[in-house]
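K.L.:
Predicted model and sequence follow; I will ask about them next.
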Amino acid sequence: MATISIPEPNTIALAGEVDLNDSAELKAQFAPLLEGKPSRLYVDMSGVSYIDSSGLAVLIEAMQRLGPHGGKLVLYGLQPTVQTVLHIARLDQVFAIYPDRAAALNAANS
């Protein structure tokens, strides 16, 4: 079971296993942030030990909803198991992925 929090503006922090049981709640948490049409929406994945296709689908949908107005979904802090899932699905070529929040913020300011 995942825990979902919003520790800072335009940031969602996830922890635990993000799977089918959590995808509806995750989508609901994204909704108000996406309505604000941020230029960057950060997802702290440092606490995620597992993600399945339904969790990935929520991230993909969020990225697609940001795109039309030039927004970008930024993932950071991926654990090796989660990185492997994204690599196998070739989503590491789609998402903006950074090792930590500082690197993600530096990239946004470049």
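P.N.:
Sure, I can see it. Residues are numbered from 1 along each chain as shown.

K.L.:
Quick check: longest helix in the protein by residues?
P.N.:
Longest helix in the chain, counting residues (DSSP state H): helix 20-35.

K.L.:
Paired strands for the next helix or strand after that one, with orientation please.
P.N.:
Per DSSP states H and E, helix 20-35 leads on to strand 40-51 as the next helix or strand towards the C-terminus. Strand 40-51 sits in its sheet next to strand 11-18 (parallel), strand 72-76 (parallel), going by DSSP bridges.

K.L.:
where does the residue positioned nearest the centre of the chain land on pLDDT?
P.N.:
The residue lying closest to the centre of the chain (C-alpha atoms, centre = their mean) is Val43, at 3.7 Å. Note for Val43: predicted pLDDT of 97.

K.L.:
still on that earlier bit, dump the strands paired with strand 40-51 into a markdown table; add mean neighbour count, mean pLDDT and distance to Gly36 as well.
P.N.:
Glycine gets a C-beta too; all of them are placed from N, C-alpha and C. What follows is the strands paired with strand 40-51, written out as a markdown table (neighbours: other C-beta atoms under 10 Å; pLDDT from 0 to 100; distance: least, C-beta to C-beta, whole Å):
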| stretch | mean neighbour count | mean pLDDT | distance to Gly36 |
| --- | --- | --- | --- |
| strand 11-18 | 20 | 94 | 12 |
| strand 72-76 | 22 | 96 | 14 |
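
K.L.:
Of the ones you listed, which is nearest Leu66?
P.N.:
Closest to Leu66 of the strands paired with strand 40-51 is strand 72-76 (C-beta to C-beta; 5.7 Å).

K.L.:
helix or strand right after that closest one?
P.N.:
Next element after strand 72-76 (DSSP H and E): helix 80-88.

K.L.:
Identify the residues contacting that following helix?
P.N.:
Outside helix 80-88, the residues that touch it by C-beta atoms under 8 Å, 6 or more residues apart in numbering are Met45, Val48, Ser49, Tyr50, Ile51, Leu56, Leu78, Asp92, Phe95, Ile97.

K.L.:
what mean pLDDT does stretch 21-40 have?
P.N.:
For stretch 21-40, mean pLDDT is 92.
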